[in-house]
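In: The amino acid sequence is not available; the structure is as follows:
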């Protein structure tokens, strides 16, 4: 595994500095837990869509852009996030992927962001990517309802081999503006992860762009989780440019990539999760994918598409009513 010239933690640190310096306008709180810095973007703070976009860019290791705008889905306009990166391998899989299960005593959270490239969580993925970051800073984003205490932060700093004063952790629950925004902002990563899980070499991907509606907030965290999945499964679109020698093989990957390829496709995720007795391992993993994927093969010039948006199920998921 080789150290790359681009550091996701160094690049993300500049985004973290912006989040801290504009904390009042972005409606986030900056806390000191021992020597570490925790940025509350939704537990006690209100957060904002602009903060959500910035947290998305932090998750992407500072090597991507995120913008929030309005978009029409049939007869309804919804806030939407569009993300893009020209460093898909390390920005999406090497940073944004929520691949670090952090458990210290009674605290549990899924960690994403560039600190993963220091802790190598999970190591087998980084072995495949051939990437390991080196930085004096560690930047982590946690989807959690509790501010991590010092023992948790010490564990993270130790795994990342950095001093506590150089650890920055952003926290936001799912059922918040920032939480909902940054999860929708995982649309491009979700598609690339699905292609990778099918056996496609992510090193063949040159760039990626994705768009997904930002799920309306639900106060119940479980229902909020269902909605944040559904905006990707039923209304998320991705576009990748790749270099691949065989269009027929590429077409097979693309055909299997959308969420509609799953046997569990067809109803809101909360219903699927309930039927699975709230056990993720009972759900077909093929479901965790964008609704639509388009791939442009730079080698042959062909453009391949699979999947489609399903706005009717999206409306059910967000409990849309005409007043």
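Out: Alright, I've got the coordinates. Just so we're clear, the structure is a prediction, and the values are computed from it rather than from any experiment.

In: can you list contacts of stretch 80-87?
Out: 6, 52-53, 56, 60-61, 63-71, 91-92, 181, 184-185, 187-188, 206-214 (C-beta atoms under 8 Å, 6 or more residues apart in numbering). No exception for glycine: its C-beta is placed from N, CA and C like everyone else's.

In: Would you mind giving me the ChimeraX syntax to select the buried ones in the residues you listed?
Out: Filtering the contacts of stretch 80-87 down to the buried ones (16 or more other C-beta atoms under 10 Å) takes a single ChimeraX command:
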select :52,53,56,60,61,63,64,66,68,71,91,92,181,184,185,187,188,207,208,209,210,211,212,213,214
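
In: Residue 302 and residue 249 touch, don't they?
Out: No - in this structure residue 302 lies outside contact range of residue 249 using C-beta atoms under 8 Å: 11.9 Å.

In: coming back round to it: of the contacts of stretch 80-87, which belong to strands?
Out: 64-71, 206-213 (DSSP state E).

In: hey, where'd the strands end up in this protein?
Out: Taking DSSP E to define them, one finds strands in the chain at 2-3, 29-33, 36-40, 64-73, 76-85, 100-104, 107-112, 131-132, 138-143, 167-172, 205-213, 237-242, 292-297, 303-307.

In: Show me the helices in the stretch 101-250 of the chain, by range?
Out: For the stretch 101-250 of the chain, the helices defined by DSSP state H, counting those that start in this stretch occupy 116-119, 123-129, 150-160, 177-184, 187-197, 221-235, 247-256.

In: For residue 48, find the nearest of those.
Out: Checking the helices of the stretch 101-250 of the chain against residue 48 by C-beta to C-beta gives helix 177-184 as the closest, at 6.2 Å.

In: gap between residue 15 and residue 53?
Out: As for residue 15, its distance to residue 53 is 10 Å (criterion: C-beta to C-beta, to the nearest Å).

In: Now do the contacts for residue 262.
Out: Per C-beta under 8 Å, 6+ apart, neighbours of residue 262: 284, 285, 286, 287, 289.

In: Separate out the buried members of these.
Out: Buried, going by 16+ other C-beta under 10 Å: 286, 287, 289, out of those.

In: Pipe the residues you listed into a markdown table and attach distance to residue 45 and pLDDT per row.
Out: Formatted as a markdown table, these follow (distance: C-beta to C-beta, whole Å; pLDDT from 0 to 100):
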| residue | distance to residue 45 | pLDDT |
| --- | --- | --- |
| 286 | 36 | 97 |
| 287 | 32 | 98 |
| 289 | 32 | 98 |
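
In: Output those in a markdown table, with distance to residue 176 appended to each entry.
Out: Formatted as a markdown table, the buried ones among the contacts of residue 262 follow (distance: C-beta to C-beta, whole Å):
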| residue | distance to residue 176 |
| --- | --- |
| 286 | 29 |
| 287 | 24 |
| 289 | 25 |
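
In: before we move on, back to that, state the pair within the ones in strands among the contacts of stretch 80-87 that is farthest apart.
Out: Within these, two members stand farthest from each other by C-beta to C-beta: 70 and 206, at 29.3 Å.

In: Identify the residues contacting the nearest residue to residue 133 once chain neighbours are set aside.
Out: With C-beta to C-beta, 6 or more residues apart in numbering as the criterion, residue 133 has its nearest non-adjacent residue at 3.7 Å, and that residue is residue 117. Residues in contact with residue 117 (C-beta under 8 Å, 6+ apart) are 8, 9, 61, 90, 94, 95, 126, 131, 132, 133.

In: Ignoring the adjacent residues along the chain, who's closest to residue 267?
Out: Closest to residue 267 by C-beta to C-beta, 6+ apart is residue 313, at 6.7 Å.

In: Isn't that neighbour up against residue 265?
Out: No - applying C-beta under 8 Å as the test, residue 313 and residue 265 come out as separate, 9.0 Å apart.

In: hang on, residue 99 packs against residue 121?
Out: Yes - using C-beta under 8 Å, residue 99 is in contact with residue 121, at 5.8 Å.
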